[in-house]
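Student: Predicted model, plus sequence, below.
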Amino acid sequence: MNQINLHFLVTHAKHYGFIYPSSEIYGGISSIYDYGPYGLELKKNIQKYWWKSMIQLHDNIVGLDSSILMHNAVWKASGHIEKFNDLSIDNKDSKKRYSPEILIKEFLLKTDQKNRKKFLERLNKYLLNNNLSDIESLIKELNIFDPISGSKNWTNIHLFNMMFKMNERQGGFFLRPETAQGIFTNFNNVKKSMRMKIPFGIAQVGKSFRNEIIARQFIFRMREFEQMELQFFISPKEEKKWYNYWKKLRLQWHLELNLGNNKYKMIEQNKLAHYASYGTDIKFNFPFGLKEIEGIHCRRDFDLKKHEFFSKKKFRVFKESKQDYNYIPYVIETSLGLDRILLAIYSSSLKLEKIQPPNGGSSNNRIVLKIPYYLSPIKAAIFPLVSKQGLPEIAKKIFNDIKIDYKLIYDAKSSIGKLYRRQDAIGTPICFTVDYDTIHNNTVTMRDRDTMQQKRIPIASISHILREKISMKKILKKLLYFSSNIGS
Ligand code: ATP
(Lines give C-alpha, C1' and ligand atoms only; values in the text may rest on other atoms or scores of the structure.)
Protein backbone atom coordinates (compact mmCIF):
# COMPACT_ATOMS: atom_id res chain seq x y z
CA MET A 1 0.00 0.00 0.00
CA ASN A 2 1.44 3.36 -0.96
CA GLN A 3 0.96 6.75 0.60
CA ILE A 4 0.64 9.23 -2.26
CA ASN A 5 2.54 12.48 -2.88
CA LEU A 6 1.06 15.98 -3.13
CA HIS A 7 1.09 16.06 -6.94
CA PHE A 8 -0.96 12.86 -7.10
CA LEU A 9 -3.39 14.29 -4.56
CA VAL A 10 -3.89 17.57 -6.45
CA THR A 11 -4.53 15.68 -9.69
CA HIS A 12 -6.95 13.29 -7.98
CA ALA A 13 -8.78 16.20 -6.33
CA LYS A 14 -9.44 17.85 -9.65
CA HIS A 15 -10.16 14.70 -11.66
CA TYR A 16 -12.73 13.34 -9.19
CA GLY A 17 -14.51 16.59 -8.33
CA PHE A 18 -13.06 17.38 -4.90
CA ILE A 19 -11.03 20.58 -5.37
CA TYR A 20 -10.45 22.81 -8.42
CA PRO A 21 -8.10 25.79 -8.84
CA SER A 22 -10.14 29.00 -8.62
CA SER A 23 -10.76 30.99 -11.84
CA GLU A 24 -8.84 28.33 -13.71
CA ILE A 25 -10.04 29.46 -17.14
CA TYR A 26 -8.17 32.76 -16.57
CA GLY A 27 -5.00 31.08 -15.36
CA GLY A 28 -6.08 30.67 -11.73
CA ILE A 29 -5.06 32.66 -8.65
CA SER A 30 -2.27 31.49 -6.44
CA SER A 31 -3.53 29.61 -3.37
CA ILE A 32 -7.25 30.15 -3.89
CA TYR A 33 -9.31 27.03 -4.51
CA ASP A 34 -12.91 25.99 -5.17
CA TYR A 35 -14.51 22.90 -3.69
CA GLY A 36 -16.17 20.60 -6.21
CA PRO A 37 -19.28 18.47 -5.47
CA TYR A 38 -17.47 15.68 -3.58
CA GLY A 39 -15.04 18.03 -1.80
CA LEU A 40 -17.98 20.07 -0.58
CA GLU A 41 -19.80 16.98 0.76
CA LEU A 42 -16.62 15.88 2.53
CA LYS A 43 -16.13 19.34 4.00
CA LYS A 44 -19.74 19.45 5.23
CA ASN A 45 -19.39 16.03 6.86
CA ILE A 46 -16.19 17.04 8.68
CA GLN A 47 -17.92 20.20 9.80
CA LYS A 48 -20.86 18.11 11.04
CA TYR A 49 -18.51 15.93 13.09
CA TRP A 50 -16.94 19.04 14.67
CA TRP A 51 -20.26 20.81 15.18
CA LYS A 52 -21.96 17.85 16.84
CA SER A 53 -18.95 17.23 19.07
CA MET A 54 -19.14 20.84 20.27
CA ILE A 55 -22.82 21.77 20.25
CA GLN A 56 -24.58 18.47 20.85
CA LEU A 57 -22.14 16.86 23.27
CA HIS A 58 -21.79 19.99 25.42
CA ASP A 59 -24.94 21.40 26.99
CA ASN A 60 -23.09 24.66 27.69
CA ILE A 61 -21.89 25.41 24.13
CA VAL A 62 -24.03 27.26 21.60
CA GLY A 63 -23.45 28.20 17.99
CA LEU A 64 -23.15 31.52 16.20
CA ASP A 65 -22.86 32.73 12.62
CA SER A 66 -21.45 36.24 12.74
CA SER A 67 -20.75 38.45 9.75
CA ILE A 68 -17.43 38.56 7.89
CA LEU A 69 -17.40 42.35 7.74
CA MET A 70 -17.28 44.06 11.10
CA HIS A 71 -16.86 47.59 12.43
CA ASN A 72 -13.25 48.71 11.96
CA ALA A 73 -13.04 49.48 15.68
CA VAL A 74 -13.14 45.71 16.29
CA TRP A 75 -9.74 45.26 14.65
CA LYS A 76 -8.27 48.23 16.45
CA ALA A 77 -9.45 46.83 19.78
CA SER A 78 -8.36 43.28 19.01
CA GLY A 79 -4.84 44.45 18.14
CA HIS A 80 -4.99 43.06 14.60
CA ILE A 81 -4.38 46.43 12.93
CA GLU A 82 -1.25 47.00 14.95
CA LYS A 83 0.07 43.51 15.57
CA PHE A 84 -1.25 40.98 13.06
CA ASN A 85 1.91 41.18 11.01
CA ASP A 86 4.25 38.83 9.25
CA LEU A 87 7.87 39.49 8.36
CA SER A 88 8.61 40.10 4.72
CA ILE A 89 11.59 40.95 2.55
CA ASP A 90 11.52 42.12 -1.09
CA ASN A 91 14.03 41.53 -3.81
CA LYS A 92 14.65 44.89 -5.46
CA ASP A 93 15.37 43.40 -8.89
CA SER A 94 12.62 40.82 -9.26
CA LYS A 95 10.17 42.85 -7.10
CA LYS A 96 9.16 39.55 -5.49
CA ARG A 97 8.15 39.41 -1.83
CA TYR A 98 9.31 36.60 0.46
CA SER A 99 8.93 35.46 4.03
CA PRO A 100 12.52 35.68 5.39
CA GLU A 101 11.91 32.57 7.50
CA ILE A 102 10.88 30.45 4.51
CA LEU A 103 13.55 31.98 2.27
CA ILE A 104 16.28 30.96 4.74
CA LYS A 105 14.76 27.56 5.54
CA GLU A 106 14.43 26.64 1.85
CA PHE A 107 17.99 27.74 1.21
CA LEU A 108 19.22 25.64 4.13
CA LEU A 109 17.59 22.54 2.67
CA LYS A 110 20.47 22.56 0.18
CA THR A 111 23.18 22.70 2.88
CA ASP A 112 24.59 19.74 4.77
CA GLN A 113 22.82 18.47 7.88
CA LYS A 114 25.34 19.73 10.45
CA ASN A 115 25.44 23.31 9.21
CA ARG A 116 21.71 23.35 8.62
CA LYS A 117 21.02 22.54 12.27
CA LYS A 118 23.39 25.27 13.43
CA PHE A 119 21.82 27.94 11.19
CA LEU A 120 18.27 26.84 11.98
CA GLU A 121 18.96 27.24 15.69
CA ARG A 122 20.21 30.77 15.07
CA LEU A 123 17.23 31.60 12.87
CA ASN A 124 14.73 30.34 15.45
CA LYS A 125 16.42 32.38 18.17
CA TYR A 126 16.29 35.56 16.05
CA LEU A 127 12.64 34.93 15.13
CA LEU A 128 11.69 34.36 18.74
CA ASN A 129 13.31 37.63 19.81
CA ASN A 130 12.08 39.52 16.73
CA ASN A 131 15.67 40.31 15.92
CA LEU A 132 15.23 41.63 12.37
CA SER A 133 18.75 42.94 11.78
CA ASP A 134 20.25 39.58 12.78
CA ILE A 135 17.94 37.81 10.31
CA GLU A 136 19.11 40.25 7.60
CA SER A 137 22.75 39.49 8.49
CA LEU A 138 22.02 35.77 8.28
CA ILE A 139 20.69 36.22 4.73
CA LYS A 140 23.90 38.05 3.82
CA GLU A 141 26.15 35.53 5.59
CA LEU A 142 24.50 32.65 3.75
CA ASN A 143 24.72 34.53 0.45
CA ILE A 144 21.08 33.87 -0.26
CA PHE A 145 19.90 34.94 -3.68
CA ASP A 146 16.43 35.39 -5.12
CA PRO A 147 15.41 32.03 -6.65
CA ILE A 148 13.80 33.92 -9.57
CA SER A 149 16.29 36.67 -10.52
CA GLY A 150 19.42 35.27 -8.87
CA SER A 151 19.97 38.74 -7.36
CA LYS A 152 21.14 39.42 -3.80
CA ASN A 153 19.73 42.94 -3.87
CA TRP A 154 17.40 42.72 -0.83
CA THR A 155 15.39 45.36 1.00
CA ASN A 156 15.41 45.48 4.79
CA ILE A 157 13.01 43.13 6.53
CA HIS A 158 9.73 44.85 7.27
CA LEU A 159 6.41 44.08 8.89
CA PHE A 160 3.51 43.27 6.63
CA ASN A 161 -0.10 43.38 7.91
CA MET A 162 -1.93 40.22 6.93
CA MET A 163 -5.45 41.62 6.82
CA PHE A 164 -7.15 42.40 3.51
CA LYS A 165 -8.63 45.89 3.46
CA MET A 166 -11.29 47.22 1.13
CA ASN A 167 -10.77 50.68 -0.27
CA GLU A 168 -12.39 53.71 1.37
CA ARG A 169 -15.20 53.92 -1.20
CA GLN A 170 -16.18 50.38 -0.21
CA GLY A 171 -16.26 51.38 3.45
CA GLY A 172 -12.62 50.61 4.24
CA PHE A 173 -13.69 47.36 5.87
CA PHE A 174 -11.26 44.59 6.73
CA LEU A 175 -12.00 40.99 5.79
CA ARG A 176 -11.86 39.16 9.11
CA PRO A 177 -8.62 37.22 9.71
CA GLU A 178 -10.27 35.03 12.39
CA THR A 179 -13.87 34.22 13.25
CA ALA A 180 -13.23 34.75 16.98
CA GLN A 181 -13.97 38.49 17.10
CA GLY A 182 -17.59 37.95 16.04
CA ILE A 183 -17.91 35.73 19.10
CA PHE A 184 -16.34 38.27 21.47
CA THR A 185 -18.44 41.18 20.24
CA ASN A 186 -21.61 39.04 20.66
CA PHE A 187 -20.62 37.85 24.13
CA ASN A 188 -23.31 39.84 25.93
CA ASN A 189 -25.99 39.11 23.32
CA VAL A 190 -25.45 35.36 23.56
CA LYS A 191 -25.05 35.35 27.35
CA LYS A 192 -28.30 37.24 27.88
CA SER A 193 -30.49 35.77 25.14
CA MET A 194 -29.41 32.20 25.86
CA ARG A 195 -29.20 32.64 29.68
CA MET A 196 -25.65 31.26 29.70
CA LYS A 197 -23.62 30.90 32.89
CA ILE A 198 -19.84 30.55 33.18
CA PRO A 199 -18.34 28.21 32.06
CA PHE A 200 -19.89 28.33 28.61
CA GLY A 201 -18.74 28.31 25.02
CA ILE A 202 -19.67 29.84 21.67
CA ALA A 203 -18.75 27.90 18.55
CA GLN A 204 -18.64 29.16 15.00
CA VAL A 205 -17.64 27.97 11.54
CA GLY A 206 -16.85 30.50 8.86
CA LYS A 207 -14.54 32.06 6.34
CA SER A 208 -11.41 33.95 7.31
CA PHE A 209 -8.98 35.83 5.10
CA ARG A 210 -5.25 36.39 5.43
CA ASN A 211 -2.87 37.97 2.99
CA GLU A 212 -0.28 35.23 3.37
CA ILE A 213 3.08 36.11 1.82
CA ILE A 214 3.84 32.56 0.89
CA ALA A 215 0.58 30.76 0.34
CA ARG A 216 1.03 27.27 -1.02
CA GLN A 217 1.07 23.52 -0.33
CA PHE A 218 -2.34 23.22 -1.95
CA ILE A 219 -5.14 24.02 0.50
CA PHE A 220 -2.81 24.01 3.52
CA ARG A 221 -2.15 27.75 3.40
CA MET A 222 -4.70 29.81 1.52
CA ARG A 223 -5.70 33.45 1.43
CA GLU A 224 -9.38 32.57 1.87
CA PHE A 225 -10.08 29.64 4.18
CA GLU A 226 -12.53 28.33 6.73
CA GLN A 227 -12.10 28.06 10.48
CA MET A 228 -14.00 26.10 13.11
CA GLU A 229 -13.49 27.98 16.34
CA LEU A 230 -14.68 27.68 19.91
CA GLN A 231 -14.28 30.41 22.50
CA PHE A 232 -14.90 28.93 25.93
CA PHE A 233 -15.50 31.49 28.70
CA ILE A 234 -14.33 30.54 32.17
CA SER A 235 -13.49 31.80 35.60
CA PRO A 236 -9.80 32.90 35.75
CA LYS A 237 -9.32 30.46 38.62
CA GLU A 238 -10.14 27.53 36.37
CA GLU A 239 -7.78 28.41 33.53
CA LYS A 240 -5.44 25.39 33.91
CA LYS A 241 -8.34 22.97 34.32
CA TRP A 242 -10.10 24.05 31.12
CA TYR A 243 -6.91 24.46 29.11
CA ASN A 244 -6.04 20.84 29.91
CA TYR A 245 -9.60 19.71 29.23
CA TRP A 246 -9.65 21.25 25.76
CA LYS A 247 -6.16 20.05 24.87
CA LYS A 248 -7.10 16.48 25.73
CA LEU A 249 -10.51 16.55 24.11
CA ARG A 250 -9.34 18.19 20.90
CA LEU A 251 -6.55 15.66 20.47
CA GLN A 252 -9.01 12.83 21.08
CA TRP A 253 -11.37 14.31 18.46
CA HIS A 254 -8.54 13.95 15.95
CA LEU A 255 -7.50 10.48 17.10
CA GLU A 256 -11.08 9.19 16.70
CA LEU A 257 -10.71 9.88 12.98
CA ASN A 258 -8.38 6.89 12.99
CA LEU A 259 -5.80 8.36 10.62
CA GLY A 260 -2.94 6.91 12.71
CA ASN A 261 -2.07 8.06 16.22
CA ASN A 262 1.62 8.40 15.30
CA LYS A 263 0.72 11.15 12.80
CA TYR A 264 -0.04 13.72 15.52
CA LYS A 265 2.15 15.72 17.83
CA MET A 266 1.12 18.27 20.42
CA ILE A 267 3.68 21.02 20.73
CA GLU A 268 3.63 23.84 23.24
CA GLN A 269 3.98 27.15 21.28
CA ASN A 270 7.10 29.21 21.98
CA LYS A 271 6.18 32.11 19.67
CA LEU A 272 2.72 33.26 20.66
CA ALA A 273 0.13 35.32 18.78
CA HIS A 274 -0.33 38.81 20.26
CA TYR A 275 -3.55 37.81 22.04
CA ALA A 276 -2.37 34.58 23.63
CA SER A 277 -0.89 33.96 27.07
CA TYR A 278 0.03 30.43 26.13
CA GLY A 279 -0.89 27.93 23.50
CA THR A 280 -0.45 24.46 22.05
CA ASP A 281 -0.41 23.34 18.44
CA ILE A 282 -1.80 20.04 17.28
CA LYS A 283 0.48 19.13 14.41
CA PHE A 284 -0.16 16.55 11.74
CA ASN A 285 2.20 14.68 9.47
CA PHE A 286 1.23 15.93 5.98
CA PRO A 287 2.95 14.65 2.79
CA PHE A 288 5.17 17.78 3.11
CA GLY A 289 6.01 17.37 6.81
CA LEU A 290 4.72 17.92 10.33
CA LYS A 291 2.53 21.06 10.32
CA GLU A 292 -0.07 22.76 12.50
CA ILE A 293 -3.71 21.86 12.01
CA GLU A 294 -5.21 23.27 15.19
CA GLY A 295 -4.24 25.83 17.80
CA ILE A 296 -5.47 25.76 21.41
CA HIS A 297 -4.85 29.09 23.12
CA CYS A 298 -5.48 30.70 26.41
CA ARG A 299 -6.52 34.24 25.41
CA ARG A 300 -7.27 35.14 29.03
CA ASP A 301 -9.34 38.38 29.18
CA PHE A 302 -7.28 39.99 26.38
CA ASP A 303 -10.14 40.47 23.90
CA LEU A 304 -13.07 41.20 26.21
CA LYS A 305 -10.98 43.69 28.17
CA LYS A 306 -9.97 45.50 24.97
CA HIS A 307 -13.56 45.58 23.72
CA GLU A 308 -14.67 46.89 27.09
CA PHE A 309 -12.12 49.69 26.82
CA PHE A 310 -12.85 50.63 23.20
CA SER A 311 -16.64 50.18 23.17
CA LYS A 312 -17.25 51.47 26.72
CA LYS A 313 -19.62 48.52 27.22
CA LYS A 314 -19.26 46.03 30.07
CA PHE A 315 -18.14 42.47 29.35
CA ARG A 316 -18.52 41.10 32.82
CA VAL A 317 -20.14 38.28 34.71
CA PHE A 318 -21.17 38.16 38.32
CA LYS A 319 -19.74 35.76 40.79
CA GLU A 320 -22.47 33.32 41.81
CA SER A 321 -22.05 33.90 45.51
CA LYS A 322 -21.37 37.63 45.86
CA GLN A 323 -23.64 39.73 43.65
CA ASP A 324 -21.56 42.87 44.17
CA TYR A 325 -18.41 41.42 42.61
CA ASN A 326 -17.94 40.97 38.91
CA TYR A 327 -15.09 39.98 36.61
CA ILE A 328 -14.14 39.65 32.94
CA PRO A 329 -14.05 35.95 32.07
CA TYR A 330 -10.97 34.24 30.71
CA VAL A 331 -11.17 32.45 27.37
CA ILE A 332 -9.81 29.16 26.12
CA GLU A 333 -9.87 29.03 22.33
CA THR A 334 -9.71 26.00 20.07
CA SER A 335 -9.17 26.95 16.43
CA LEU A 336 -9.15 24.36 13.67
CA GLY A 337 -8.75 25.05 9.96
CA LEU A 338 -11.50 23.19 8.10
CA ASP A 339 -9.43 23.08 4.92
CA ARG A 340 -6.37 21.82 6.80
CA ILE A 341 -8.22 19.01 8.56
CA LEU A 342 -9.79 18.10 5.20
CA LEU A 343 -6.30 17.95 3.70
CA ALA A 344 -5.09 15.83 6.63
CA ILE A 345 -7.94 13.34 6.17
CA TYR A 346 -7.68 13.36 2.39
CA SER A 347 -3.89 13.01 2.18
CA SER A 348 -3.65 10.18 4.67
CA SER A 349 -6.63 8.28 3.25
CA LEU A 350 -5.76 8.36 -0.44
CA LYS A 351 -3.94 5.15 -1.40
CA LEU A 352 -2.65 3.50 -4.51
CA GLU A 353 -3.06 -0.23 -3.91
CA LYS A 354 -1.90 -3.27 -5.79
CA ILE A 355 -4.68 -5.78 -6.14
CA GLN A 356 -4.45 -9.43 -7.09
CA PRO A 357 -7.49 -10.72 -8.98
CA PRO A 358 -8.98 -13.83 -7.26
CA ASN A 359 -8.59 -15.93 -10.45
CA GLY A 360 -4.80 -15.47 -10.37
CA GLY A 361 -4.48 -13.08 -13.34
CA SER A 362 -1.88 -10.33 -13.40
CA SER A 363 -2.11 -7.74 -10.60
CA ASN A 364 -3.24 -4.18 -11.18
CA ASN A 365 -3.65 -0.97 -9.23
CA ARG A 366 -6.63 0.69 -7.67
CA ILE A 367 -6.91 4.19 -6.25
CA VAL A 368 -8.89 4.11 -3.06
CA LEU A 369 -9.89 6.89 -0.69
CA LYS A 370 -10.10 5.17 2.70
CA ILE A 371 -11.78 7.99 4.58
CA PRO A 372 -13.90 7.18 7.64
CA TYR A 373 -17.23 5.87 6.37
CA TYR A 374 -19.29 8.57 8.09
CA LEU A 375 -17.33 11.31 6.29
CA SER A 376 -17.63 9.90 2.77
CA PRO A 377 -19.30 12.22 0.23
CA ILE A 378 -21.42 9.36 -1.12
CA LYS A 379 -22.62 6.78 1.39
CA ALA A 380 -23.44 3.98 -1.04
CA ALA A 381 -23.70 3.22 -4.75
CA ILE A 382 -26.39 1.07 -6.40
CA PHE A 383 -25.66 -0.58 -9.75
CA PRO A 384 -27.49 -2.96 -12.07
CA LEU A 385 -25.07 -5.67 -13.27
CA VAL A 386 -26.33 -5.19 -16.84
CA SER A 387 -28.75 -2.78 -18.43
CA LYS A 388 -31.36 -5.36 -19.36
CA GLN A 389 -33.89 -7.90 -18.02
CA GLY A 390 -35.39 -5.35 -15.64
CA LEU A 391 -32.23 -5.04 -13.50
CA PRO A 392 -31.97 -1.22 -13.91
CA GLU A 393 -35.59 -0.86 -12.78
CA ILE A 394 -35.00 -2.88 -9.60
CA ALA A 395 -31.75 -0.95 -8.86
CA LYS A 396 -33.50 2.37 -9.46
CA LYS A 397 -36.31 1.39 -7.07
CA ILE A 398 -33.84 0.50 -4.31
CA PHE A 399 -32.05 3.81 -4.95
CA ASN A 400 -35.26 5.85 -4.82
CA ASP A 401 -36.46 4.10 -1.67
CA ILE A 402 -33.38 5.01 0.39
CA LYS A 403 -32.05 8.20 -1.16
CA ILE A 404 -34.20 10.25 1.20
CA ASP A 405 -31.98 9.16 4.11
CA TYR A 406 -28.51 9.12 2.54
CA LYS A 407 -26.55 10.69 -0.29
CA LEU A 408 -26.40 7.79 -2.78
CA ILE A 409 -25.38 7.23 -6.36
CA TYR A 410 -27.11 5.22 -9.04
CA ASP A 411 -24.78 4.39 -11.89
CA ALA A 412 -25.13 2.16 -14.92
CA LYS A 413 -22.75 3.94 -17.25
CA SER A 414 -19.94 1.38 -17.40
CA SER A 415 -18.94 -2.18 -16.58
CA ILE A 416 -19.18 -3.31 -12.97
CA GLY A 417 -15.38 -3.35 -12.52
CA LYS A 418 -15.10 0.28 -13.65
CA LEU A 419 -18.03 1.30 -11.47
CA TYR A 420 -16.34 -0.20 -8.41
CA ARG A 421 -13.05 1.59 -9.25
CA ARG A 422 -14.73 4.96 -9.51
CA GLN A 423 -16.52 4.53 -6.18
CA ASP A 424 -13.26 3.37 -4.53
CA ALA A 425 -11.54 6.50 -5.80
CA ILE A 426 -14.14 8.82 -4.27
CA GLY A 427 -14.32 6.86 -1.03
CA THR A 428 -17.83 5.35 -1.23
CA PRO A 429 -17.94 2.76 1.58
CA ILE A 430 -20.43 0.27 0.12
CA CYS A 431 -21.69 -0.75 -3.31
CA PHE A 432 -24.86 -2.78 -3.88
CA THR A 433 -25.20 -4.62 -7.18
CA VAL A 434 -28.47 -5.91 -8.57
CA ASP A 435 -27.91 -9.09 -10.64
CA TYR A 436 -29.90 -12.01 -12.08
CA ASP A 437 -30.30 -13.65 -8.65
CA THR A 438 -32.02 -10.50 -7.40
CA ILE A 439 -34.97 -11.29 -9.66
CA HIS A 440 -35.49 -14.66 -7.93
CA ASN A 441 -34.60 -14.07 -4.30
CA ASN A 442 -34.65 -10.30 -3.61
CA THR A 443 -31.00 -10.22 -2.60
CA VAL A 444 -28.14 -8.03 -3.87
CA THR A 445 -24.34 -8.24 -3.74
CA MET A 446 -22.82 -5.96 -1.15
CA ARG A 447 -19.17 -4.97 -1.68
CA ASP A 448 -17.04 -3.30 0.96
CA ARG A 449 -14.62 -0.54 -0.14
CA ASP A 450 -11.72 -1.43 2.14
CA THR A 451 -11.72 -5.24 2.07
CA MET A 452 -13.31 -5.54 -1.41
CA GLN A 453 -15.17 -8.54 0.01
CA GLN A 454 -18.59 -9.30 -1.36
CA LYS A 455 -21.58 -10.99 0.19
CA ARG A 456 -25.25 -11.43 -0.54
CA ILE A 457 -27.75 -9.61 1.55
CA PRO A 458 -31.55 -9.17 1.36
CA ILE A 459 -32.73 -5.88 -0.17
CA ALA A 460 -34.83 -5.37 2.95
CA SER A 461 -31.69 -5.10 5.11
CA ILE A 462 -29.90 -2.38 3.09
CA SER A 463 -31.21 0.52 5.16
CA HIS A 464 -30.31 -1.15 8.42
CA ILE A 465 -26.79 -2.05 7.19
CA LEU A 466 -26.19 1.53 6.04
CA ARG A 467 -27.38 2.92 9.35
CA GLU A 468 -24.98 0.63 11.24
CA LYS A 469 -21.96 1.18 9.03
CA ILE A 470 -21.97 4.87 8.27
CA SER A 471 -23.39 6.40 11.40
CA MET A 472 -21.36 8.97 13.34
CA LYS A 473 -23.09 7.86 16.51
CA LYS A 474 -20.49 5.39 17.75
CA ILE A 475 -17.65 7.84 17.50
CA LEU A 476 -19.66 10.62 19.17
CA LYS A 477 -20.56 8.26 22.01
CA LYS A 478 -16.87 7.48 22.52
CA LEU A 479 -16.05 11.19 22.59
CA LEU A 480 -18.83 11.86 25.08
CA TYR A 481 -17.51 9.12 27.34
CA PHE A 482 -13.96 10.43 26.97
CA SER A 483 -14.96 14.01 27.77
CA SER A 484 -16.89 13.01 30.87
CA ASN A 485 -13.78 11.28 32.20
CA ILE A 486 -11.25 14.06 31.58
CA GLY A 487 -9.72 15.12 34.83
CA SER A 488 -11.33 12.34 36.83
P1 ATP B 1 0.29 29.11 10.72
O2 ATP B 1 1.36 29.17 11.78
O3 ATP B 1 0.26 27.82 9.96
O4 ATP B 1 0.24 30.32 9.85
P5 ATP B 1 -1.45 30.21 12.64
O6 ATP B 1 -0.73 29.87 13.91
O7 ATP B 1 -1.34 31.58 12.11
O8 ATP B 1 -1.09 29.14 11.50
P9 ATP B 1 -4.02 30.40 13.87
O10 ATP B 1 -4.05 31.86 13.78
O11 ATP B 1 -3.81 29.76 15.21
O12 ATP B 1 -2.97 29.82 12.81
O13 ATP B 1 -5.33 29.85 13.19
C14 ATP B 1 -5.98 28.66 13.63
C15 ATP B 1 -6.06 27.64 12.53
O16 ATP B 1 -6.58 28.21 11.33
C17 ATP B 1 -4.73 27.02 12.14
O18 ATP B 1 -4.35 26.00 13.01
C19 ATP B 1 -5.05 26.51 10.75
O20 ATP B 1 -5.67 25.25 10.82
C21 ATP B 1 -6.03 27.52 10.21
N22 ATP B 1 -5.34 28.46 9.32
C23 ATP B 1 -4.63 29.56 9.67
N24 ATP B 1 -4.15 30.19 8.57
C25 ATP B 1 -4.56 29.46 7.50
C26 ATP B 1 -4.40 29.59 6.09
N27 ATP B 1 -3.73 30.62 5.57
N28 ATP B 1 -4.96 28.67 5.28
C29 ATP B 1 -5.66 27.63 5.80
N30 ATP B 1 -5.85 27.45 7.12
C31 ATP B 1 -5.32 28.35 7.97
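Tutor: Ah, there it is. Residues are numbered from 1 along each chain as shown.

Student: Would you tell me which residues of the protein are close to the ligand?
Tutor: The chain comes close to the ligand at residues 210, 212, 221-222, 225, 227, 292-295, 335-337, 339-340, as judged by Cβ under 6 Å from any ligand atom. All C-beta atoms are positioned from the backbone trio N, CA, C, and that covers glycine.

Student: Next, count neighbours for F225.
Tutor: 21 (other Cβ atoms under 10 Å).

Student: A helix includes it, no?
Tutor: No. Counting by DSSP: H, G, I helix; E, B strand; the rest coil, F225 is not found in a helix; it is strand.

Student: In space, what's closest to whichever residue of the stretch 101-250 of the chain sits closest to the ligand - neighbours in sequence excluded?
Tutor: Nearest residue of the stretch 101-250 of the chain to the ligand, counting by Cβ to the nearest ligand atom: F225, 3.6 Å away. In space, not counting the residues next to it along the chain, F225 is nearest to D339; the distance is 4.9 Å by Cβ to Cβ, 6 or more residues apart in numbering.

Student: Are we agreed that the one you found is in a helix?
Tutor: Yes. Under three-state DSSP, D339 falls within a helix.

Student: you'd agree D281 is up against Q269?
Tutor: Yes. The pair D281 / Q269 is scored as a contact, 5.9 Å apart, by Cβ atoms under 8 Å.

Student: what's the domain layout of the chain?
Tutor: 30-79+163-338, 87-161, 348-473 (automatic domain parsing).

Student: Minimum distance to H15: which of those has it?
Tutor: Distance to H15, taken as Cβ to Cβ, is lowest for domain 348-473 among the domains of the chain, at 8.4 Å.

Student: how about the domains of the chain in TSV, adding mean pLDDT?
Tutor: Shown next, in TSV, are the domains of the chain (pLDDT from 0 to 100):
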stretch	mean pLDDT
domain 30-79+163-338	94
domain 87-161	91
domain 348-473	93
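
Student: quick one, strands of the stretch 51-200 of the chain?
Tutor: 61-64, 85-90, 97-98, 158-161, 200-209 (DSSP state E, counting those that start in this stretch).

Student: can you pull the buried residues of the fourth one?
Tutor: The one in question is strand 158-161. F160, N161 (16 or more other Cβ atoms under 10 Å).

Student: about what we covered before: output the domains of the chain in a markdown table; the columns should cover distance to N5.
Tutor: Formatted as a markdown table, those follow (distance: least, Cβ to Cβ, whole Å):
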| stretch | distance to N5 |
| --- | --- |
| domain 30-79+163-338 | 6 |
| domain 87-161 | 17 |
| domain 348-473 | 10 |
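
Student: What residue, apart from its backbone neighbours, is nearest S376 spatially?
Tutor: Distances taken as Cβ to Cβ, 6+ apart place G427 nearest to S376, at 4.6 Å, with adjacent residues excluded.

Student: can you pull the contacts of the one you found?
Tutor: Neighbour list for G427: L42, S349, V368, L369, K370, I371, L375, S376, P377, I378, R449 [criterion: Cβ atoms under 8 Å, 6 or more residues apart in numbering].

Student: Go through the residues you listed and say which is closest to the ligand.
Tutor: Closest approach to the ligand among the contacts of G427 (Cβ to the nearest ligand atom): L42, at 15.9 Å.

Student: Tell me which stretches of the stretch 301-450 of the chain form helices.
Tutor: Secondary structure of the stretch 301-450 of the chain (DSSP state H, counting those that start in this stretch): helices located at 302-311, 338-349, 391-402, 416-426, 436-441.

Student: Next, count neighbours for the residue in the stretch 301-450 of the chain that the ligand sits nearest to.
Tutor: The stretch 301-450 of the chain approaches the ligand most closely through G337 (2.4 Å), counting by Cβ to the nearest ligand atom. Neighbours of G337 under the rule other Cβ under 10 Å: 23.

Student: Tell me what it is bridged to.
Tutor: Q227 (DSSP bridges).

Student: Count the residues that sit near the residue nearest to V62 when sequence neighbours are not counted.
Tutor: Nearest residue to V62, sequence neighbours excluded (Cβ to Cβ, 6+ apart): M194, at 5.4 Å. Using other Cβ under 10 Å, M194 has 12 other residues around it.

Student: May I ask which of the residues of the chain next to the ligand has the most neighbours?
Tutor: E294 (25 neighbours).
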